[in-house]
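Student: compute the structure for the input listed below.
(one chain, ligands or ions: 1)
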Amino acid sequence: MPNIFHALESGLEFIDYLGNRITHSNSKSELRSIYYEEFKNSEGKKHPNFSSVLYALRKFNKVYIIRGKVYINDRLQVRTFSDQWRWPRASRRQSSIPIDQDTAGRCSPSTNNQAPTQCPKKTMAKNTLRKMKLNRKEIIVDKQGIEITSDPVASSEKIQFTACPQREPFVVTLHIANKGPNNVNFIDYKALSRFRCFTLVDERRVSKACPLFLCPGESYDVAVHFTLSHNGYFPVTMYFQFIADLQEPESFIIIREIEASVQTPLAVGLRPVAPYEPVRVATYRPDVSVVVDGEPPGGSTVQDMTTVVKLGEYKYPNYLKELAKHGLENHDDLSPMARKKLEEVKTVLNSSLSMRNYARRFHILLHLEEIQMEVDIRKYDLRSQTLAKDKDRRDLLTLKVPGVAENRPSVLRGDCLRVTKSEDKSFPLTVYTGYVHKVELDRVKLGFSKKLLEAFISNMKFDVEFTINRLTLKLQHRAVELAVQHELEEVLFPSGSLTPHVSLPKLSMFNRQLEDNPEQCEAVCRIVAGSSKPAPFIVFGPPGTGKTITLVEAINQINRATPSARILACAPSNSACDLLCERLMMRMSSNQLYRMNASSREPSTIPNKLLKYTNWDDRQGCFVFPEKEILMKYNVIVTTLFTAGRLVTGGFPVGHFSHIFVDEAGQAAEPECVIAFAGLLRAGKGQLVLAGDPEQLGPILRSRLAIDYGLDLSLLERLMKHELYRNFDTRFVTKLLRNYRSHGAILKIPNELFYQGQLQVFADKIESEAYCNWKGLPQEGFPVIFHGVMGKDEREANSPSFFNVSEIEVLVGYLAKLADTQGKKGLPKLLPKDIGIITPYRKQVEKIQKALKSVPDLSRWCDLRELKVGSVEEFQGQEKRIIMVSTVRSTSSYIKMDTQYNIGFLSNKKRFNVALTRAKSLLIVIGNPVILKTDPIWKKFINYCEEMKGYAGLDFKYEEEEDFVSKMASLKFPGSEMAEPEDGAHQSTSDSE
Ligand SMILES: Nc1ncnc2c1ncn2[C@@H]1O[C@H](COP(=O)(O)OP(=O)(O)OP(=O)(O)O)[C@@H](O)[C@H]1O
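Tutor: I've put the predicted structure just below:
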């Protein structure tokens, strides 16, 4: 809150400044425009915002306001100026400048392209931005004799400078010279940027109210004083307006772009390795081809488990592709078959899900998803790519695929790519299929036929087509069919009528912590007793409420009570399965517990401590799938949902598993979840247990149609709408609400946003308050930091992924502080494994990992590899003492792209929820507040941090939206009216994708 006397002083100065332009009553919005456009930043002084000034003037009876009009109190003496700042000077030298008087009495030079007043300001502002981008070349050049040079000198059309964070101002001087033969009037200039990290200084205080007459040979300096105390990237576009010919009062514009970068030396090592150049997309080649098959990575898997239940092909009918193309609407282009089937398909999709339409409906939805996947994968095709011989294995070729680590495209070990020689114009065309042997950060290693390897010469160019892996789709198709065949109606659509009332056993818990939580204890007892059978039992609850712990306890109890019990424990992701395994291995030997990985998993991602429980055979250097009979001896098998399908294929008898658990069940689409039990579970005999939270990450799907007809609904979420579960009948469901993970301040916003404030804070005080007195906190006792950084989201070389160096610098600064303070003044000793860094883009992960290695302050930690850096998906179900989040985004026009590719934090509330609920004691979020605040959820979080004084970093105010819009709308640019653009937080005109 600015000092009221300071605001009053500014207010009086402003009234003085208005001089004879002030009338008895002025519209508030007009005064606001003049205040921001002309007065606030033109005197090298820090004036408060307009509202504070107006408030002070009213408070001291200098003005009063009635219906949006500001009335000057008659008793107030308005000083009138006649020095060089005011109109008299202008009129003295060039009285012939035509001045329009607008409704508020403001004077402005007439322009022919004055925007109509009825045009909404926001649209005008957006048009201005669009025009600036489109006409950049035209408006940046010197013209009509005016030349604008700068110190520092511009290179590549930009005035760029890099500074270390500093308190002293950095000055950019703009030298405006009239080198032409005619007089020119310098009538106005503005700095276009939302950020107030600078002040404008010019001796004569040029403005429309006070233009400057430049004779040939005359020049004038304008200085921009930057105050740069924070890391980041601060672009400012300087806008200069002139009138050349006094008879033809059309103004002309010249702009200059300034880019200030504030960096530490660390940033130098993280710079883009090469300018971003998007990969070129292939053009389509003829369909008729001869296919030469490559070498799959078969030698790297030992398959002792024979195939008993074959997986069908489940190809979609052609008519469905036609129907999908037209959004399941009738269309003239439809074939007679498609037209005939349209109603049938729509009837199935529009009817509510039941056992009668179960398989048919999911077949259609999965087909629609596949059709969309086929369309989407074509976007990644490449042309004229060079393959290279692999250094380690000469029988493999490597191909650069820049987005592969972010699943753009999704490529797994064992997948197949099709390549053709770029110059090959033969007919039919020869297509070589290459099998993926290894996926690395930005390249894949491929096994091709001998024929291609023999003909291969370096620098040979190829066109590449990616293909989709149908295995996961086929497994889902088979699962929904098996669910019907094995009559799982009471599992999928439980009536509750077959569920007997059972008495609950009295159990002493392995994990004594659970004994203090009646809900967890009851859930364990009910699962052990099978109280919901044949209906599934659901453990439901927000983050950190002990769902996984409850499942693990139940598994241990079953194992003790019934050693002959056979348990399958699944989750959608490898990381969630690893976590289950980690917690189970505390009480189970490697003879009892088996972690079965898919052969497509990259072996290096398996945590070391799990190795002896897994099917990775270090001696043979490959994954092993043992015989069914051997596997059936394990008490507990842990697999992902998809890999559970391998057990069905291997012929595990129906009913072998007495219990099937699915953790993080809200993350899987229903057919994916069904893979874990269809063909394995005998209804009535086996117990299915689901645990999850629909507010955390859900299924990722591509087809809009499939989503609209419900494929994105998890089985857990669907069942939770069912009467038995909705009313929390304790025989079927336990709702956990005690959060044992996090400090209350960390939970506050997710709790309000997603759980109606029902979550209760039960975290251990010593652990959760461990960082409340850390000296790195802006506010003692509040272990949440939002650190505002005005960074730049960059890309490099061919990679579509983003990174933000300024955010990494800030992040590393916090890490260094943490490393330095650990074990001191009551702080716990800290190890790299206690910290997690979440960021949505693979490139940022890579750059953070690089930065970690290069910072001397962090070298005291010997095993930095244990500091996990990854996406939200990799953190679902996990927790760390300290979580740092780098949001990366700093340009709003990319947000749509993030939504399209299912990455990024904005516009995905589930990702926000998971990321912000992983920390136990300290949460540090680093991001661009302007961009993030465009999202209501992030806005709430940042406002909360500001209110609680947990806000750090970028401390200068950015212009309020209304003021910025007014300023932009008032600018005059050449060029026709454009469609609405997207506005960015960076107002540099060169922002481009
Ligand atoms: N009854 C309890 N008493 C004390 N601590 C507990 C209790 N139950 C769970 N915890 C602890 O709470 C933390 C979160 O548990 P867990 O990972 O099982 O939660 P979750 O509900 O599965 O979380 P998420 O939804 O994020 O996957 C763990 O550190 C666990 O040890």
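Student: residue in the stretch 651-800 of the chain with the shortest distance to the ligand?
Tutor: Tyr740 (3.3 Å; C-beta to the nearest ligand atom). Heads up, the C-betas are built off the backbone N, CA and C, glycines and all.
Student: could you pull up the residues touching that residue?
Tutor: By C-beta atoms under 8 Å, 6 or more residues apart in numbering, the residues touching Tyr740 are 513, 544-546, 762-764.
Student: repeat that with 10 Å
Tutor: 513, 516-517, 520, 544-546, 549, 760-764, 767-768, 879, 920 (C-beta atoms under 10 Å, 6 or more residues apart in numbering).
Student: just the ones of those residues in strands?
Tutor: Of the positions in these, 760-761, 920 sit in strands, assigned by DSSP state E.
Student: buried subset of these?
Tutor: Buried residues within these, counting neighbours by 16 or more other C-beta atoms under 10 Å: 761, 920.
Student: wait, which of the ones in strands among the contacts of Tyr740 is closest to Leu429?
Tutor: Comparing these against Leu429 with C-beta to C-beta places Lys920 closest, at 57.7 Å.
Student: wait, the closest one touches Asp834, no?
Tutor: Yes: with contacts counted by C-beta atoms under 10 Å, Lys920 reaches Asp834, the gap being 8.9 Å.
Student: how many other residues sit next to the closest residue to the ligand within the stretch 301-450 of the chain?
Tutor: Going by C-beta to the nearest ligand atom, the ligand is nearest to Asn407 of the stretch 301-450 of the chain, at 22.0 Å. For Asn407, the count of nearby residues is 16 (other C-beta atoms under 10 Å).
Student: low-confidence ranges in the stretch 51-200 of the chain?
Tutor: 73-120 (pLDDT under 70).
Student: so where do the helices sit in it?
Tutor: In the stretch 51-200 of the chain, the helices defined using DSSP state H, counting those that start in this stretch lie at 87-94, 121-134, 136-140.
Student: report the buried residues of the helix ranked longest in the chain.
Tutor: Identified as the longest helix of the chain according to DSSP state H is helix 358-377. By neighbour count on 16+ other C-beta under 10 Å, the buried set for helix 358-377 is 358-373, 376-377.
Student: flag every residue of the stretch 401-550 of the chain that's near the ligand.
Tutor: Within the stretch 401-550 of the chain, the positions near the ligand by C-beta under 6 Å from any ligand atom are 513-514, 516-517, 520, 541, 543-549.
Student: and the helix or strand encompassing Arg881, average pLDDT?
Tutor: Assigned by DSSP states H and E, Arg881 belongs to strand 880-886. The average pLDDT within strand 880-886 is 97.
Student: does anything pack onto it? Which helices or strands?
Tutor: strand 784-788, helix 805-821, strand 835-838, helix 842-854, strand 868-870, helix 872-875, helix 909-916, strand 919-927 (3 or more C-beta pairs under 10 Å, 6 or more residues apart in numbering; DSSP states H and E).
Student: okay, those, which one's buried deepest?
Tutor: Neighbour counts (mean count of other C-beta atoms under 10 Å) averaged over each of the helices and strands packed on strand 880-886 peak at strand 919-927, with a mean of 27.
Student: each with direction, which strands does that one pair with?
Tutor: strand 784-788 (parallel), strand 880-886 (parallel) (DSSP bridges).
Student: if you average pLDDT over the next helix or strand after it, what comes out?
Tutor: Counting by DSSP H and E, the next helix or strand C-terminal to strand 919-927 is helix 929-932. The average pLDDT within helix 929-932 is 87.
Student: if we can go back for a sec, mind checking which of the helices of the stretch 51-200 of the chain is nearest the ligand?
Tutor: helix 121-134 (40.6 Å).
Student: in the closest one, what's buried?
Tutor: Quick answer for helix 121-134 (16+ other C-beta under 10 Å): 121-122, 124-134.
Student: what helices or strands is that helix leaning on?
Tutor: Using 3+ C-beta pairs under 10 Å, 6+ apart: helix 121-134 touches helix 136-140, strand 184-192, strand 232-243, helix 961-969.
Student: what is the orientation angle of it with strand 184-192?
Tutor: 110 degrees (axes from the mean of the first three to the mean of the last three C-alpha atoms, to 10 degrees).
Student: quick one, helix 121-134 and strand 232-243 angle?
Tutor: 90 degrees.
Student: the helix or strand harbouring Leu397: partners in the sheet, and parallel or antiparallel?
Tutor: Leu397 is part of strand 396-400, with elements assigned from DSSP H and E. As defined by DSSP bridges, the strand partners of strand 396-400 come to strand 388-389 (antiparallel), strand 443-447 (antiparallel).
Student: beyond that strand, next helix or strand please.
Tutor: Past strand 396-400, the next helix or strand by DSSP H and E is strand 416-421.
Student: now that next one, how far from the centre of its chain.
Tutor: Distance of strand 416-421 from its chain centroid, counting by C-alpha atoms, centre = their mean, to the nearest Å, is 32 Å.
Student: past it, which element shows up next along the chain?
Tutor: Heading C-terminal from strand 416-421 (DSSP H and E), you reach strand 429-439.
Student: in that following strand, what counts as buried?
Tutor: 429, 431-439.
Student: ok, stretch 489-500 next?
Tutor: 489-492, 494, 496, 499.
Student: just stretch 264-271 next, same as before
Tutor: In stretch 264-271, counting by 16+ other C-beta under 10 Å, buried: 264, 266-267, 270.
Student: mind listing which of these are in strands?
Tutor: Going by DSSP E, the strands hold none of those.
Student: residues contacting the residue of the stretch 851-993 of the chain at minimum distance from the ligand?
Tutor: Nearest residue of the stretch 851-993 of the chain to the ligand: Gly877, at 4.0 Å (C-beta to the nearest ligand atom). Neighbouring residues of Gly877 by C-beta under 10 Å, 6+ apart: 543, 547-548, 571-573, 575-580, 663-664, 667, 691-692, 696-697, 914, 918.
Student: doesn't it belong to a helix?
Tutor: No: the assignment for Gly877 by DSSP: H, G, I helix; E, B strand; the rest coil gives coil, which leaves it out of any helix.
Student: tell me the contacts of the closest residue to it other than its chain neighbours?
Tutor: Once flanking residues are discounted, Gly877 sits nearest to Ala576: 4.5 Å by C-beta to C-beta, 6 or more residues apart in numbering. By C-beta under 10 Å, 6+ apart, Ala576 lies in contact with 548, 570, 638, 640, 662-664, 667, 873-874, 876-878.
Student: need the buried ones from those residues selected in ChimeraX.
Tutor: Of the contacts of Ala576, the buried ones go into a single ChimeraX selection, burial set by 16+ other C-beta under 10 Å:
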select :548,570,638,640,662,663,664,667,873,874,876,877,878
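Student: what parts of the stretch 551-700 of the chain come near the ligand?
Tutor: So the stretch 551-700 of the chain meets the ligand at Asp693 (C-beta under 6 Å from any ligand atom).
Student: before we move on, which element is the closest residue in space to Tyr634 that isn't next to it in sequence in?
Tutor: The spatial neighbour of Tyr634 that comes closest, neighbours along the chain excluded (C-beta to C-beta, 6+ apart), is Tyr594 at 4.3 Å. With elements taken from DSSP H and E, the one containing Tyr594 is strand 593-595.
Student: against which helices or strands is the helix or strand just after that strand packed?
Tutor: Sequence order places strand 616-617 as the next helix or strand after strand 593-595, per DSSP H and E. The contact analysis (3+ C-beta pairs under 10 Å, 6+ apart) places strand 616-617 against strand 622-625.
Student: where's the strand it packs on relative to the chain centroid, distance-wise?
Tutor: The answer for strand 622-625 is 35 Å, by C-alpha atoms, centre = their mean.
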